[in-house]
Every structure is written in structure tokens, then in C-alpha cells.
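J.: one predicted model, sequence on top.
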Amino acid sequence: MNHCLYCYEPLEKSLTWSQWLTVEKPSVLCSSCAGTLEVISGKRCEGCSRSWKGKLCLDCQQWRELGDNIEKNYSVFHYNDALRDMIRQWKFRGDYVLREVFRNELQRAFKKQFADKYPRIAVVPIPISENRMQERGFNQSLALADMLECPVNQALGKRSGENQASSNRKVRLKRDNPFFITKPLKQTALIVDDVYTTGTTVRQAAQQLKLHGCPAVYVLTIARS
Ligand SMILES: [Zn+2]
Ligand SMILES: [Zn+2]
């Protein structure tokens, strides 16, 4: 018998009809864990996926005024407490298994929002520094990008430095860009990451891509906080 990937309770369900009819993989979560995840639905900001009635939220309007370097961020889930714990647990376990929780929704969003519209889009994960890689043993953005079933371009690297989470937004904006190019990309890029919070990280990554000839950068994240 299979077990819920998150809480380890036994899964009793057999395949549903929609799973028989499509290539979609069966749920890896029990119904109570699956029920805690909230897919973003309804009106959202066209720039960052935050729930928003108008076209662009105030944050995104400000980014545009500064000369934004990303076209848009598309997030799949609301970053609620349950998802926050799940992502923490995933990083803490340091394995690739919990990413299966996001596979179906992430693939669906990728296809509908990006792959169908931009067939040559290049998938680029947010890199982690070598120090962090040694500590954690895996890069969660790469783990997500790998699930999109198209070639992954590791076009960026990251210098080791202070932990980003420890400094506030102003400091982060001012600081030197921690990312560098390992392989210039001359086609439209899709940065993949776990959570979009202020959007500073993905914009620093996008800046490097664009400085080296990338014409446009989109972002796909599992959660909008
Ligand atoms: Zn469960
Ligand atoms: Zn926005």
C-alpha cells in the first residue's frame, strides 16, 4: 500500500477516471494533506500572481516604473501555513521525493502559461552556491525545473555569501548581484523557483540573463507569498 508522501498515512484510493484518461499521475498526498493546498484561482495580478482585482498590483507598478527585467511571475499555490511547512520539510529532508506533491499542477501551469505560447522557452533554475549545495545536498529549484520534462539550462551560478533571508529588502536590492552567467542564453528564458516573495531574487537572476543577451525572462514558482 502506498503512503502519503507528507504525513505517511496509508493511501487507500485507486486511480480516478481522470487519471485513467490522461497521463496525469495519481495524487501522492492523502486527501487531508491535499486539502490544505490552495491553488490560486480567480483574478490575479498579471505581473506577480498575487490575488488582485486590477491588472497590476502596486508593487508591480513600481517595478515597471523602475524598468522591470521580468515579464511576469506565475505562481500555482497560495503560500499558506501548510505549504510553508511542506516546503520547509522538503528542504529539511533534502530529498527529491516531496517534489512529487507539486508535479501535476506545476506541469499544467508550465504547459498552459508558457510551453504552449513560447515553444522555444529555455528553463533556468535559480542556482544555489557551492557552500549551500554541500550543506543541503540538493537544489530545490533544479528539482522543480527537472519535473517540467524539457531540457534544463543551468545558465546561472551563485556566489557564496550571507544568507539572503537575513537581510531586508532594501539591503538586498542595493547589494551586489550574487548571480553570474555560466552560459549565455540567446532565447526567451523561464526562471523556475519555489516561492515568489518580494521578487528581488528572480530579478537579480533575470538581470544577469538579460545583460548577456537573453531577450525576455518569465518566472514560474510553486507559491506566491
Ligand atoms: Zn497526508
Ligand atoms: Zn503584482
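T.: Great, that's in hand. Residues are numbered from 1 along each chain as shown. Ligands and ions are numbered 1, 2, ... in the order given.
J.: ok so residue 77 is a strand residue?
T.: Yes. Membership of residue 77 in a strand is supported by DSSP: H, G, I helix; E, B strand; the rest coil.
J.: what about it, how many residues nearby?
T.: Residue 77: 24 surrounding residues under other CB atoms under 10 Å. Glycine gets a C-beta too; all of them are placed from N, C-alpha and C.
J.: from now on call the first residue 9
T.: Done: numbering now begins at 9, and the last item shifts to residue 85.
J.: and the closest residue to it other than its chain neighbours, how many neighbours does it have?
T.: Spatial nearest neighbour of residue 85, excluding adjacent residues (CB to CB, 6 or more residues apart in numbering): residue 231 at 4.8 Å. Using other CB under 10 Å, residue 231 has 24 other residues around it.
J.: same question, residue 158
T.: 16.
J.: what's the distance between it and ligand 1?
T.: For residue 158, the distance to ligand 1 equals 30 Å [CB to the ion, to the nearest Å].
J.: can you check residue 223 too?
T.: On the measure of CB to the ion, residue 223 and ligand 1 end up 43 Å apart.
J.: who's in contact with that residue?
T.: 194, 195, 196 (CB atoms under 8 Å, 6 or more residues apart in numbering).
J.: same question for residue 151.
T.: By CB under 8 Å, 6+ apart, the residues touching residue 151 are 104, 107.
J.: pLDDT wise, what is it at?
T.: pLDDT, residue 151: 94.
J.: and for the one 4 residues further on?
T.: The score at residue 155 is 95. That number is its pLDDT.
J.: swap in residue 172?
T.: Value for residue 172, per-residue pLDDT: 54.
J.: on that earlier part again, need the contacts of residue 223 in TSV (columns: neighbour count).
T.: Formatted as TSV, the contacts of residue 223 follow (neighbours: other CB atoms under 10 Å):
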residue	neighbour count
194	10
195	13
196	19
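J.: please parse this protein into its domains.
T.: Listed domain ranges for the chain are 9-43, 48-232 (source: automatic domain parsing).
J.: neighbours of residue 186, just the number please.
T.: For residue 186, using other CB under 10 Å, the count is 20.
J.: could you list every residue that touches it?
T.: 137, 166, 167, 169, 172, 212.
J.: could you tell me which of the residues you listed are located in helices?
T.: Among these, the members found in helices (DSSP state H) are residue 212.
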